[in-house]
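Participant: Provided below are the primary sequence and the corresponding predicted coordinates.
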Amino acid sequence: MPIRIPSELPAQDILHRENIFAMDMQRAATQDIRPLEVGILNLMPNKIETEVQLLRLLSNTPLQINIDLIRIDDQAPKNTPKAHMDAFYHHFEDIADKRYDGLIITGAPLAHLDYEQVKYWDRMRAVMTWARRHVQSTLYLCWATHAAMYHFYGIQRTLREEKLSGVYAHHVTEPHNELVRGFDSVVYAPHSRYGEISVAQYESVPGMRVLVGSEQTGAYIIASDDRRMVCITGHPEYDPDTLAQEYSRDLAAGLAPQIPCHYFPDNDPDQSPMVTWRAHGTLLFTNWLNYYVYQETPYDLDTLRPSS
């Protein structure tokens with residue numbers, strides 16, 4: 001898929017080196033088609049790294065996508081230059097009148113804060129409510145999944161004593177759902193979280209279904225019957241070394257972390273991780289864009305109906 005991004009965005013060069021097709025705005029302007037409009041609300045501290053991870057997964061179908069990077073916090077992130085934020089990110093207020101085919105809301109390292117303690121919680125709630133009127137399908141990742149379940153349905157997460165960290169095997173429980181079309185019966189994906197919502201809690205919401213899960217991780221992929229809400233509790237977007245970097249960071253902070261499960265060969269952090277999740281991650285995002293966004297969205301986004 002040609003994803004349409006500014007030619008100066010650092011992700012452009014990285015994706016080009018990986019032989020991933022990303023179209024700059026000048027070329028995209030000459031194509032006489034209606035591209036998909038996709039917003040990314042990036043809550044992660046290292047914005048550039050997360051941009052590359054998500055754009056990589058959005059790049060594998062023949063449709064053109066216009067990407068808007070969105071921010072709701074004016075404070076400059078510690079791990080991303082202010083110039084980058086000023087150049088490439090839209091303030092939510094500036095795009096609030098726009099309608100989108102798809103929206104991705106990333107996770108955030110906020111597991112040990114109550115939602116009301118999060119400094120931008122009111123703005124986060126406003127975005128999630130806005131998305132029901134302005135977005136065809138919203139994909140929530142990790143912390144954003146738990147935040148959405150709390151905001152919309154009052155379902156509170158519990159916190160694990162130890163962080164769930166590693167690459168886990170999952171089983172497809174709803175094989176006929178188009179979001180998991182083409183999945184193998186066993187699906188691997190990274191997890192890195194303390195928060196937990198049970199399968200029963202997800203399925204207590206009318207119209208919500210757990211599509212993929214496991215005994216170790218619980219629910220992994222959850223979706224609404226109307227396809228307007230997709231929840232992912234893991235990180236299919238992670239790079240090969242992301243869990244290793246998190247493990248090293250936690251070690252340096254004196255947190256005595258467990259070695260990520262099923263990640264390093266022979267459970268040895270000195271060895272390079274085995275990558276077993278990238279094909280699944282790409283297929284998941286491709287299916288979401290095709291079946292939950294492109295096949296459902298109106299040609300004229302002004303006719304988009306609010307979700308219930």
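Facilitator: Yep, it's here.

Participant: Identify each buried residue in stretch 54-63, please.
Facilitator: Going by neighbour count (16 or more other CB atoms under 10 Å), the buried part of stretch 54-63 is 54-59, 61, 63. Backbone N, C-alpha and C define where each C-beta goes, glycine included.

Participant: Sort out which residues of stretch 95-104 are buried, please.
Facilitator: 95, 99-104.

Participant: Let me fix that, I meant to ask about stretch 214-231.
Facilitator: 214, 217-224, 227-231.

Participant: again, but for stretch 139-154
Facilitator: Within stretch 139-154, the residues that count as buried by 16+ other CB under 10 Å are 139-151.

Participant: Same question for stretch 179-197.
Facilitator: Result for stretch 179-197 [16+ other CB under 10 Å]: buried residues 179-180, 183, 187-197.

Participant: Sort out for me which of these are in strands.
Facilitator: Secondary structure from DSSP state E places 187-196 of the buried residues of stretch 179-197 in strands.

Participant: can you name the two of those residues that are farthest apart?
Facilitator: The two members of these with the most space between them (CB to CB) are Val187 and Tyr194, at 22.3 Å.

Participant: what does the one helix or strand Val167 maps to contact?
Facilitator: Using DSSP states H and E, Val167 sits within strand 158-172. Outside of strand 158-172, the residues within contact range by CB atoms under 8 Å, 6 or more residues apart in numbering are 111-112, 180, 183-197, 211-214, 216-217, 220, 234, 243, 246-247, 250, 257-258, 260-263, 273-274, 276-277.

Participant: can we see that at 7 Å?
Facilitator: Residues outside strand 158-172 that contact it (CB atoms under 7 Å, 6 or more residues apart in numbering) are 111, 180, 183, 185-196, 211-214, 216-217, 220, 243, 257-258, 260-263, 276-277.

Participant: Stretch 136-149 now?
Facilitator: By CB under 7 Å, 6+ apart, the list of residues contacting stretch 136-149 from outside reads 101-108, 110-111, 115, 124, 128, 131, 155, 157, 193, 195, 197, 227-235, 288, 292-293, 296-297, 304.

Participant: quick one: average confidence on that stretch?
Facilitator: The average of the pLDDT scores along stretch 136-149 is 97.

Participant: gap between it and the chain center?
Facilitator: Mean-position distance between stretch 136-149 and its chain equals 8 Å (CA atoms, centre = their mean, to the nearest Å).

Participant: Show the end-to-end separation of it, please.
Facilitator: Using CA to CA, to the nearest Å, one end of stretch 136-149 lies 18 Å from the other.

Participant: Could you list the buried residues of stretch 242-260?
Facilitator: 242-244, 246-247, 257, 260.

Participant: Need the buried residues of stretch 179-197 in TSV (columns: distance to Pro206 and pLDDT).
Facilitator: Output for the buried residues of stretch 179-197, formatted as TSV (distance: CB to CB, whole Å; pLDDT from 0 to 100):
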residue	distance to Pro206	pLDDT
Leu179	18	97
Val180	21	96
Phe183	25	96
Val187	26	96
Tyr188	31	97
Ala189	27	98
Pro190	30	97
His191	27	97
Ser192	30	96
Arg193	26	95
Tyr194	28	95
Gly195	23	96
Glu196	22	96
Ile197	16	97
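
Participant: Counting only helices, which of the buried residues of stretch 54-63 make the cut?
Facilitator: Here DSSP state H is the test, and the buried residues of stretch 54-63 give 54-57 as lying in helices.

Participant: Nice, that's everything, thank you.
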